[in-house]
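> After the sequence you'll find the predicted model.
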Amino acid sequence: MDGSDEAEQLTSDHVQVPYSFSPDGKLLAFDELHPESGFDIWILPMEGERSPEPYLRTQFNERAPAFSPDGRFIAYESNESGENEVFIQAYPGSGRKWRVSVDGGAAPQWNPEGQELFYLSGERMMVVDVDTQEELSLGAPRLLFETSAIFTRILPDGQGFVIIQLSENPSDFPDQLILVQNWTEELKRLVPIR
């Protein structure tokens with residue numbers, strides 16, 4: 001796909017947020033806000049009939065699904081304990097799940113290498129060592145850094161984060177965002193290499 005195709009609606013009209021593709025790109029994990037069950041996690045095949053199937057649909061809110069780099073697990077946040085915590089469950093679902101966070105957790109993200117899982121806990125970015133080689137095993141959560149982030153994403157090489165924070169001064173908010181594509185070509189044009 002190069003963006004030139006017509007837009008195609010793939011799911012229902014409920015509020016939905018796409019979060020994670022499986023490593024092979026054949027599945028999309030997203031959450032959906034349903035008036036009867038709250039937030040649920042669904043899986044959408046990107047080939048064939050493209051009919052979404054529920055992955056986690058309970059009386060609790062399950063959100064922010066993230067496929068592990070090997071595609072065998074999905075990390076997500078759920079309020080089943082009374083507050084948001086991060087869990088990992090096998091994919092396809094086996095019913096077994098592991099609780100990752102111990103003092104609140106949201107927005108889980110895997111290190112691209114698969115040996116770490118990051119998540120936010122209040123204003124703290126936490127990290128947990130993960131071994132998915134055979135049976136899933138987890139280390140103890142530890143503080144990575146403090147942040148007032150409202151959005152974080154790990155870089156593709158796993159060596160840093162993109163972080164968006166709110167400013168304490170509303171006048172600092174930009175009126176517009178500017179996206180610069182192919183900036184290296186523009187740089188070469190403006191500053192020729194001799």
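That came in fine, so what should we check first?
> Could you pull out the buried residues of stretch 103-122?
Buried residues in stretch 103-122, counted by 16 or more other CB atoms under 10 Å: 104-111, 114-121. For every residue, glycine as well, the C-beta is placed using N, CA and C.
> Farthest pair within these?
104 and 114 (23.9 Å; CB to CB).
> hang on, the earlier thing: so which one of the buried residues of stretch 103-122 is the model least confident about?
Lowest pLDDT of these: residue 114, 86.
> my read: that one touches residue 73, true?
No - counting by CB atoms under 8 Å, residue 114 does not reach residue 73; the two are 9.2 Å apart.
> can you list residues touching both of these two?
residue 132 (CB atoms under 8 Å, 6 or more residues apart in numbering).
> CA atoms only for stretch 160-170 - export them in PDB, please.
This file holds the C-alpha atoms of stretch 160-170, laid out as PDB (Å, rounded to 0.1, in the frame of the first residue of the first chain):
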ATOM      1  CA  GLY A 160      15.200   5.700  23.100                       C
ATOM      2  CA  PHE A 161      11.700   7.100  23.300                       C
ATOM      3  CA  VAL A 162       9.600   9.700  21.600                       C
ATOM      4  CA  ILE A 163       7.800  11.600  24.400                       C
ATOM      5  CA  ILE A 164       5.000  14.200  24.300                       C
ATOM      6  CA  GLN A 165       4.500  16.200  27.500                       C
ATOM      7  CA  LEU A 166       2.100  18.900  28.400                       C
ATOM      8  CA  SER A 167       3.500  22.300  29.100                       C
ATOM      9  CA  GLU A 168       2.600  24.000  32.400                       C
ATOM     10  CA  ASN A 169       2.000  27.200  30.400                       C
ATOM     11  CA  PRO A 170      -0.900  26.900  27.900                       C
END
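> for the protein, what spans make up the helices?
Secondary structure of the chain (DSSP state H): helices at 183-190.
> quick one: residue 125 and residue 116 touch, right?
No - distance between residue 125 and residue 116: 11.4 Å, which falls outside the contact criterion (CB under 8 Å).
> Tell me, how many residues neighbour residue 178?
If you count neighbours by other CB atoms under 10 Å, residue 178 ends up with 5.
> Now do the same for it: its pLDDT.
Predicted confidence (pLDDT) for residue 178: 71.
> What of residue 25?
Among the per-residue scores, residue 25 shows a pLDDT of 92.
> what sits against the spatially closest residue to it that is not a sequence neighbour?
Using CB to CB, 6 or more residues apart in numbering and skipping the chain neighbours, the partner closest in space to residue 25 is residue 46 (6.6 Å). Neighbour list for residue 46: 21, 25, 26, 27, 28 [criterion: CB under 8 Å, 6+ apart].
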